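Undergrad: Sequence and predicted structure, then a few things I'm wondering about:
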Amino acid sequence: MKTSKKEGRPGLSRLESAISVVEERTARGKSTLAIFDLDGTLFDNRTRTIFILREISEKFCAKAPGLSKAFEAFQDLAAVDYSLDITLDRLGVKHPAEVAFIKQEWAKRFFSDEYQRYDMPILGAKAYVERVHKAGATVIYLTGRDVGRMLVGTTEVLRLYGFPVGVAGTMTIVKKEFEQDDEIFKKEVSEYIDRLGEVVAIFENEPANSNILQARFPKAASFFVQTQHRPGAPALAPGIHKLKDFRIK
């Protein structure tokens, strides 16, 4: 963690130390910001995909017979990969026309307000974000979701699971256009965030985005949540701490 020797109490876990820095800066009247990605960072969206696939299998069983058959024996969420192609292959859905149809129907649902409610928070995420917020940081939800199709659902799912949202000390920043590349979006937005105050903690699950944000905010504690990410991602930059979840040991 790249903070001054006066910030952060010794003997604490890195997650606790980040909260300690927020508390100490708040006590001195200093603003602090904490950046949290959503998909794969605060939320496991594999459950969203499985719910959608199950809905498609039931609604379009004639067009997706392989998918309908797959759910007769489905047991393990681990079958869900970042890539929908890999997920369908693992489920035994291989016919090109069926795969193309499923992908089209999945995209309509996955990138929408309605289905975000089926995401599940990563273990400890809600409690940790709440502690960061109560310690005095402005919590910034920085996500590649877009304003036109997903902002309403994003706010609703954060509220549903008890995350601080829509109140003082919180911000939700999404893309204006769905088509904008996530990495370019986060790089551009980081320049805006840099003008708002001192970023003390960053949480991401995409190596490229972790590297971009760490480079912009080198004094912040940067955390990488080990869930799923894009294939072919770059190596994680040195100094970024890896987490399985947000539970403080």
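TA: Alright, I've got the coordinates.

Undergrad: in this structure, which spans are strands?
TA: Using DSSP state E, the strands of the chain run over 32-36, 43-44, 120-121, 138-146, 170-175, 198-204, 221-225, 241-243.

Undergrad: would you turn these into TSV with distance to Glu188 and mean neighbour count?
TA: C-beta coordinates here come from the backbone N, C-alpha and C atoms, glycine included. Below are those laid out as TSV (distance: least, C-beta to C-beta, whole Å; neighbours: other C-beta atoms under 10 Å):
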stretch	distance to Glu188	mean neighbour count
strand 32-36	14	24
strand 43-44	23	23
strand 120-121	28	18
strand 138-146	11	21
strand 170-175	10	18
strand 198-204	15	25
strand 221-225	19	24
strand 241-243	25	15
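
Undergrad: Quickly note the distance from the residue nearest to Gly136 when sequence neighbours are not counted to Leu91.
TA: Excluding the flanking residues, the one nearest Gly136 by C-beta to C-beta, 6 or more residues apart in numbering is Thr26, at 3.0 Å. Using C-beta to C-beta, to the nearest Å, we find Thr26 at a distance of 48 Å from Leu91.

Undergrad: Is it possible to get TSV of the strands of the chain that adds mean pLDDT?
TA: Converted to TSV, the strands of the chain look like this (pLDDT from 0 to 100):
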stretch	mean pLDDT
strand 32-36	98
strand 43-44	98
strand 120-121	98
strand 138-146	97
strand 170-175	97
strand 198-204	98
strand 221-225	97
strand 241-243	96
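
Undergrad: quick one: which of those strands is nearest Ala215?
TA: For these, proximity to Ala215 was assessed by C-beta to C-beta; strand 221-225 is nearest, at 9.7 Å.

Undergrad: Parallel or antiparallel, list what pairs with that closest one.
TA: Within its sheet, and counting by DSSP bridges, strand 221-225 is paired with strand 198-204 (parallel), strand 241-243 (parallel).

Undergrad: Of all the strands of the chain, which one is nearest Ile86?
TA: Across those, closest to Ile86 is strand 43-44 (C-beta to C-beta), at 16.8 Å.

Undergrad: For Ser68, give me its contacts.
TA: Going by C-beta atoms under 8 Å, 6 or more residues apart in numbering, Ser68 touches 57-58, 61.

Undergrad: Got a quick ChimeraX command for the buried subset of those residues?
TA: A single ChimeraX command selects the buried members of the contacts of Ser68 (16 or more other C-beta atoms under 10 Å):
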select :57
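
Undergrad: how's the chain carved up into domains?
TA: 14-44+120-243, 46-117 (automatic domain parsing).

Undergrad: For this protein, just list every one of the helices.
TA: Ranges of helices in the chain, per DSSP state H, are 14-27, 46-59, 65-70, 84-90, 96-110, 125-134, 147-160, 182-193, 207-216.

Undergrad: distance from the centroid: which residue in the protein tops it?
TA: What lies farthest from the middle of the chain is Ala62; by C-alpha atoms, centre = their mean that is 34.5 Å.

Undergrad: thinking again about what came up before, need the helices of the chain in TSV with mean pLDDT and distance to Tyr118, can you?
TA: Compiled in TSV, the helices of the chain are given as follows (pLDDT from 0 to 100; distance: least, C-beta to C-beta, whole Å):
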stretch	mean pLDDT	distance to Tyr118
helix 14-27	96	27
helix 46-59	96	4
helix 65-70	95	17
helix 84-90	96	15
helix 96-110	97	10
helix 125-134	98	16
helix 147-160	96	9
helix 182-193	95	21
helix 207-216	97	24
